[in-house]
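Trainee: Quick one: sequence plus predicted model below, questions after.
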Amino acid sequence: MGIVSADNDALRRQNVYILLLTLISCSVYLWVRLHCGWLPEDDGLLGQSALRVFHGQLPHVDFAENYTGGLAYIHAAAFTLFGVNAFSMRIALFALSVPFLLAVFYIASRTSGAKTAAIITVLAAVWSIAVYSTPMPSWYNLYFAVFGAAALIRFIDDGRRRWLVLAGIAGGISFDIKVVGLYYIAGVLLFLLFREQEMSAASLAKSKRTYIYSAFVIGGLIFFVAGVWKLVGGNLQEGDAFHFLLPSAAMAALLVRRELCMLAGSDRHRFSTLLRMVLPFLAGCAGPVVVVLWPYMRGGNLPAFIQGVFILGMSRAHDLTQIHAKLPELGLALPPLVFLLMANFWKPLGKTLSAVSAAVVLAVALALALWSSDFSKSIFYSVSMMTPWVIAFGAWMLASERAQELSSNNRQQAMLLVGLAALCSLIQFPFPVAVYFCYFAPILALAILALLNIRNSPIGGSAAMALLVFYVLFGLLRVVPSNMYEDGEFQTHSPQTALHLERAGGIKTENPGEYENLIRSLQSHARNSYVFAEPECPDIYFFSGLENPSNNDGGLPPAEVEALLARDDVYAIVFNRKPYFSKLIDAGQMQKKYESRFPHMEVFGKYLLMWR
């Protein structure tokens, strides 16, 4: 007995050392990466919103806010603590990165050993903010989804409602930062339906079918799928349906199938069981939301909040629909899927030979990726295209007899993570470019790990370990250095150097001199505190320190632009000649129209500066 206890103590110490080493190394790596890379439009928009809040303005009332508004308060607090610059906002994001990594390690350790959990944690670090360190709200949505998942893993273990409340608080804060926090909340509600089914199936009080409760569940799930369809509807294409609709539909189908097969409990008992979980969770969600809504309710500005967050927010989302997921690319997902399936179901080679073979194949693939940018792109999309397949396979696995051989807790853990991966993958709508996959990739990795636990295959575990190491190295050596957030390509980039502007805070970018010259030239010609920049130029206001004469930093319709340019106190204007989204304003036409009023001009890359 004493020997067993000593072995357990040694194992616990080893696991603690692995955890500490993982957290320290990942934190140092992320801190170094925190200075690197930017898109001026993103950093500028976040900085402008925070600066307006810093000066006492209210989002959606005093100025147009692209997100819910909570993030602007976080960044304004960072300005107070660390100074008004772009890097201060990144410090706020980094402050949550360490608990995020700890939560990832905790969740992964529940379905695997400490070594596998460490690799998953490194994977989460490399494929998250290391790729793009600008503190976008979607990173916070990822972090709070993982925090909530960790709380729910604890709830599965001990059933205490305080974990539901904490998971709800995570959802409320996520919504306060960006409305897509609702995806996490929806994923948790699906999990709670699954848990109620598990609890009722295990109940000793069996009875006939619960028609009222079953009708409520099935009707709610149909409404849920219809809601997702409505969200991604309009000009929906086949690839969009596969990526954005299929994962949610697969999870709903799983719950409907289980409900139709159930004979347990009474309607009253099942409703009571569900409400005892849903109400604490929703109460936790409500707390942070009420905190953000209070200034609006107190000032009678709640309609402005609803208009800005939901109506205008949905309009902006559909305006962003520039790219559609393409079905031909789905074949890229087959190599890693076949790799895992063969490892699980084809066992003649044995564990050692299988692991060695996997390592050799992946080493060759990594070498080819370092040699060829096209091959690198294929590898990246091989994993990003896996999501619908993984979710559909996960739903099938959770409905299989093999899953019923596991404990109820293990099934619930798998459902929680697969369901969150399905819903959080909607972050890619309506703009499924490379970096948007990274906004939920760690949750997908945790879901895959939980599904491998259902198979409980040691050969599968070896192959999965090799695949995890491969994607960690691929991320470190190819994804992060390629600055994929700019164009989604794996091209060679120039070394990054610090941007020498007061409000840049030392963040690094390629060829900063041109942008620095633009800002300094603008400051010298503005003559007062005002400048006007269109379209998609919030960075011009933030980094120059000059004021926007309008209350919209993102863009205005042509009629409002013309009215502002007629003002006598605007001496300098900047036009973005290559906007990504805006189609209302043509910089070339605006130049011709106003060159008599602003006769002096200079070009700085995509920006045209005009002054009088």
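Mentor: Yes, it's here.
Trainee: could you point out which element follows the lowest-mean-pLDDT helix or strand in the chain?
Mentor: Every helix and strand of the chain was ranked by mean pLDDT, DSSP states H and E. The lowest is helix 334-345, at a mean of 60. Scanning forward in sequence from helix 334-345 by DSSP states H and E, the next helix or strand is helix 351-371.
Trainee: Output the contacting helices and strands for that next one.
Mentor: Where contact means 3 or more Cβ pairs under 8 Å, 6 or more residues apart in numbering; DSSP states H and E, helix 351-371 is packed against helix 334-345, helix 373-384, helix 458-474. Yep, even glycine has a C-beta here, placed from its N, CA and C like the rest.
Trainee: mean pLDDT lowest for which of those helices?
Mentor: Note on the helices and strands packed on helix 351-371: lowest mean pLDDT is at helix 334-345, with a mean of 60.
Trainee: tell me which residues of the helix or strand containing residue 139 are tucked away?
Mentor: Applying DSSP H and E as the criterion places residue 139 in helix 137-158. Within helix 137-158, the residues that count as buried by 16 or more other Cβ atoms under 10 Å are 137-156.
Trainee: Buried residues, stretch 501-512. List them.
Mentor: Buried-residue list, stretch 501-512, by 16+ other Cβ under 10 Å: 501, 503-505, 507-509, 512.
Trainee: Revised request: answer the last question for stretch 523-537.
Mentor: 525-526, 530-537.
Trainee: Also stretch 279-293?
Mentor: 280-282, 284-285, 288-289, 292-293.
Trainee: do the same with stretch 185-197
Mentor: 185-197.
Trainee: Looking at those, which is nearest residue 472?
Mentor: residue 187 (25.8 Å; Cβ to Cβ).
Trainee: so who does that closest one touch?
Mentor: 145, 419-420, 422-424 (Cβ atoms under 8 Å, 6 or more residues apart in numbering).
Trainee: Now, these that are in helices?
Mentor: 145, 419-420, 422-424 (DSSP state H).
Trainee: Where does pLDDT dip in this structure?
Mentor: The chain contains residues with pLDDT under 70 at 1-8, 204-208, 234-236, 238, 313-355, 357, 455-464, 486-488, 583-584.
Trainee: Leaving out the residues flanking it, which one is nearest to residue 599?
Mentor: Distance criterion Cβ to Cβ, 6 or more residues apart in numbering; nearest residue to residue 599, sequence neighbours excluded, is residue 612 at 6.4 Å.
Trainee: Touching, that neighbour and residue 571? I think so.
Mentor: Yes: counting by Cβ atoms under 8 Å, residue 612 touches residue 571, with 5.8 Å between them.
Trainee: which of the two has more neighbours?
Mentor: Shown here are residue 612 and residue 571; by other Cβ atoms under 10 Å, residue 571 has more neighbours (17 against 14).
Trainee: Residue 523 versus that one, what's the distance?
Mentor: Distance, residue 571 to residue 523, using Cβ to Cβ, to the nearest Å: 12 Å.
Trainee: ranges for the strands of the stretch 151-300 of the chain?
Mentor: With DSSP state E, counting those that start in this stretch as the criterion, the stretch 151-300 of the chain has no strands.
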